[in-house]
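1. Take this sequence and fold it.
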Amino acid sequence: MNNIYDDKQFFDQYAKMSRSQQGLAGAGEWHQFKALFPDLSGKNMLDLGCGYGWHCKYAVERGAEQVLGIDLSEKMIREAKEKNSDSKITYRVCGLEEYNYPADSYDCVLSNLVLHYIADIDAIFGKIHRTLKSGGVFLLNIEHPVFTAGVNQDWIYDANGKPQYWPVDDYFYPGERATYFLGENVTKQHHTLTQILMGLINAGFRLEAVEEAVPDASMMEIPGMTDEMRRPMMLLVRALKQ
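-> Okay, the predicted model is just below:
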């Protein structure tokens, strides 16, 4: 299956992002997301859409015994093996929809910025619930519905190029959104807040935390970062399999 992240031009641009070069420290939401992690000492974790493997390595540093990171992109997996290899981490080229999700196998499942590429998130939620052990935790970071609801995922600018407002349209019409990301046309999936949260509940999860990501105070001097306080970009969720 073709994957936009295996396109050389697109991947080269992705490699320039702060979260690619600096790892978790370069991710504006990390100060909130890491607070949602459970105790991973001696635990098994599955990372869905592992990218460069930053979260996999963090899990091992937190005491995880075994971590599996899967990603549909061959380039991502190659980078993960080069940047974040460890004897306790296995990386595999595999899509979220193709993975077999063995029952009652993981103490923690993580999905970071990937489910907004998946149309049927209910099916994925069900598979994640199945593969978690009782008491297992699902950590989700997904693009916020306010961020995905617009047409181009971009501000409306004034004549001087200053952002005026963020357009939200067709919010209650979930489905494909044609976006422009890192210089390429990229197809994403818009899911409403109800779809995401009730999808988790209907899959059998208990919601333990729901947060809208805001940049860390230390990043507010970065050009354009103050505009990130004008609308939510990411939704962070911690859900428990009871």
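2. Tell me where the chain has strands.
-> When secondary structure is read from DSSP state E, the chain shows strands at 44-48, 66-71, 89-93, 106-112, 132-143, 156-157, 163-165, 175-181, 184-190, 205-212, 234-241.
3. Could you export the ones you listed as TSV, including distance to residue 7, mean neighbour count and mean pLDDT?
-> Quick note: C-beta positions are derived from backbone N, CA and C, even for glycine. Formatted as TSV, the entries for the strands of the chain read as follows, by distance: least, C-beta to C-beta, whole Å; neighbours: other C-beta atoms under 10 Å; pLDDT from 0 to 100:
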stretch	distance to residue 7	mean neighbour count	mean pLDDT
strand 44-48	21	26	98
strand 66-71	15	24	98
strand 89-93	16	17	98
strand 106-112	21	24	98
strand 132-143	20	21	98
strand 156-157	27	11	86
strand 163-165	28	11	87
strand 175-181	12	14	82
strand 184-190	7	15	85
strand 205-212	31	15	98
strand 234-241	24	22	98
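4. Okay, helices next: where are they in the protein?
-> Ranges of helices in the chain, per DSSP state H, are 8-14, 18-21, 30-33, 54-61, 74-83, 121-131, 145-148, 193-202.
5. Distance from the chain centre to stretch 177-194, please.
-> 13 Å (C-alpha atoms, centre = their mean, to the nearest Å).
6. residues in contact with it?
-> Contact with stretch 177-194 is made by 4, 7, 9-10, 13-14, 115-119, 121, 142-143, 145, 148-154, 170-176, 199, 235, as judged by C-beta atoms under 8 Å, 6 or more residues apart in numbering.
7. again, only using 6 Å
-> Applying C-beta atoms under 6 Å, 6 or more residues apart in numbering, the contact partners of stretch 177-194 are 4, 10, 13-14, 116, 119, 121, 145, 148-149, 152-153, 174, 176.
8. Low-confidence regions, the protein specifically.
-> Applying pLDDT under 70 to the predicted model, the residue ranges of the chain that meet it are 1-2, 6, 11-18, 20-21, 151, 180-183, 220, 223, 225.
9. From residue 49, how far off is residue 75?
-> Between residue 75 and residue 49 the computed distance is 13 Å (C-beta to C-beta, to the nearest Å).
10. swap in residue 184?
-> Using C-beta to C-beta, one gets 18 Å for the distance from residue 184 to residue 49.
11. circling back to that earlier point, let me have the helices of the chain in CSV, adding distance to residue 95 as columns.
-> Supplementary listing: the helices of the chain in CSV, determined by distance: least, C-beta to C-beta, whole Å:
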stretch, distance to residue 95
helix 8-14, 17
helix 18-21, 21
helix 30-33, 23
helix 54-61, 17
helix 74-83, 12
helix 121-131, 11
helix 145-148, 20
helix 193-202, 19
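12. which of these is buried the deepest?
-> Compared across the helices of the chain, helix 54-61 shows the largest average neighbour count, a mean of 22 (mean count of other C-beta atoms under 10 Å).
13. Give me the angle between that helix and strand 44-48.
-> If you take axes from the mean of the first three to the mean of the last three C-alpha atoms, to 10 degrees, helix 54-61 sits at 170 degrees to strand 44-48.
14. Mind listing residues that contact helix 54-61?
-> With contact meaning C-beta under 6 Å, 6+ apart, helix 54-61 is reached by 23-24, 40, 45, 47, 50, 67, 69, 84, 86, 88-89, 110.
15. Likewise for stretch 24-31?
-> Residues external to stretch 24-31 that are found in contact with it (C-beta under 6 Å, 6+ apart): 18-19, 54, 213, 215-216, 219, 234.
16. That'll do, ta.
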